[in-house]
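Attaching a predicted model along with its sequence, questions to come.
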Amino acid sequence: MRWRNALLVICVPGIPLFLLVLLGKCGTHEFGSLGYYDSTGQRIESSEGALRLSDFALVDQFGDAVNADSLRGTIWLTAFFSIDPATTPYLANMTKQLLWPNWRYRDEADVGTLCFSLRPDLDQPADMQAYVQRNTRYNGAPGKWIFLTGDRMDVDQAIAESFLLERDPTDPYNVATLFLVDSHGYVRQKYLATSEHEIGEAVEDIALLKKYKKIAER
């Protein structure tokens with residue numbers, strides 16, 4: 001009887017460890033998930049009928065044509081502002097927030113920062129180039145920060161159709177919302193640009209999208 005009791009003492013504590021090992025080998029680890037938005041802005045689980053970048057035609061800081069298709073293959077953290085300091089008095093803070101994820105993924109070509117100019121009448125290409133170059137000088141991959149501009153109506157239409165973003169008519173140049181767009185052009189999440197906590201969540205969500213992308217490419 002004594003040897004049986006001793007055997008139980010030895011084996012019972014090992015059962016949970018054995019189960020953990022077994023589950024680790026036979027099960028799959030869940031890292032969480034990111035849903036989508038539908039055309040009304042409601043959260044949905046499937047990409048069917050999900051909100052996606054509209055078929056816009058704009059230009060970047062170099063004057064090169066950019067459309068939704070040309071942005072595919074890259075995960076974009078998307079922001080909306082003007083580099084004119086009078087229009088955007090919070091420009092330094094917005095830039096600081098965007099620099100965090102940019103630095104974290106500075107060497108990864110499939111993660112980028114996408115900005116839409118809210119004052120295309122004032123944001124000159126040369127100034128936009130200087131702004132982007134200043135903030136990407138430590139990046140290990142080119143083309144990771146794109147600033148889009150064009151005709152004001154075209155820019156506004158792209159923002160409204162792609163992100164369902166309604167600008168406050170009393171303060172139209174103050175947009176404190178960031179959007180995460182996956183490599184297929186689907187809008188996956190949104191964040192408060194002034195919140196460091198939510199920027200941290202964006203960094204983690206980008207890592208999750210990269211996991212999805214890596215699994216899909218296998």
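All right, it came through fine. The shown structure was predicted, so the numbers you read here are calculated from the model rather than taken from an experiment. Numbering: from 1, shown residues only.

Next secondary structure element downstream of the least confident helix or strand in the chain by mean pLDDT?
The helix or strand of the chain with the lowest confidence, counting by mean pLDDT, DSSP states H and E, is helix 14-26 at a mean of 35. Heading C-terminal from helix 14-26, the first helix or strand you meet, by DSSP states H and E, is strand 36-37.

which other helices and strands contact that following strand?
Here strand 36-37 touches strand 43-44, strand 187-192, going by 3 or more CB pairs under 8 Å, 6 or more residues apart in numbering; DSSP states H and E. All C-beta atoms are positioned from the backbone trio N, CA, C, and that covers glycine.

strands paired with the shortest one, and their directions?
Using DSSP bridges, strand 43-44 pairs in its sheet with strand 36-37 (antiparallel).

for the partner strand, what is the average pLDDT?
Averaged over strand 36-37, pLDDT sits at 98.

Also stretch 98-111?
Mean pLDDT, stretch 98-111: 97.

What residues of that stretch count as buried?
Buried residues in stretch 98-111, defined by neighbour count with 16 or more other CB atoms under 10 Å: 98-99, 101-102, 104-105, 108, 110-111.

I'd like to know which of these are part of helices.
Of these, the ones assigned to helices by DSSP state H are 98-99, 101-102, 104.

Next, work out how far apart Leu178 and Val59 are.
Here Leu178 is placed at a distance of 22 Å from Val59 (CB to CB, to the nearest Å).

of the two, who's got more company?
When Leu178 is set against Val59 and neighbours are counted by other CB atoms under 10 Å, the residue ahead is Leu178, at 25 against 17.

who's the more buried one bridged to?
Applying DSSP bridges to Leu178 gives these bridge partners: Tyr191.

any idea how far it lies from Glu48?
Leu178 sits at a distance of 25 Å from Glu48 (criterion: CB to CB).

now Cys115
For Cys115, the distance to Glu48 (CB to CB) stands at 29 Å.

quick one: which of those two has more around it?
A count of neighbours by other CB under 10 Å puts Cys115 above the other of Cys115 and Glu48, at 27 against 8.

Okay, that one and Ala158: tell me how far apart.
With distances taken as CB to CB, Cys115 is found 12 Å from Ala158.

Mutual contacts of the two, please.
Common contacts of Cys115 and Ala158 (CB atoms under 8 Å, 6 or more residues apart in numbering): Leu148.

show me what contacts Ser54?
Residues counted as contacts of Ser54 (CB under 8 Å, 6+ apart) are 68, 157-158, 161-162.
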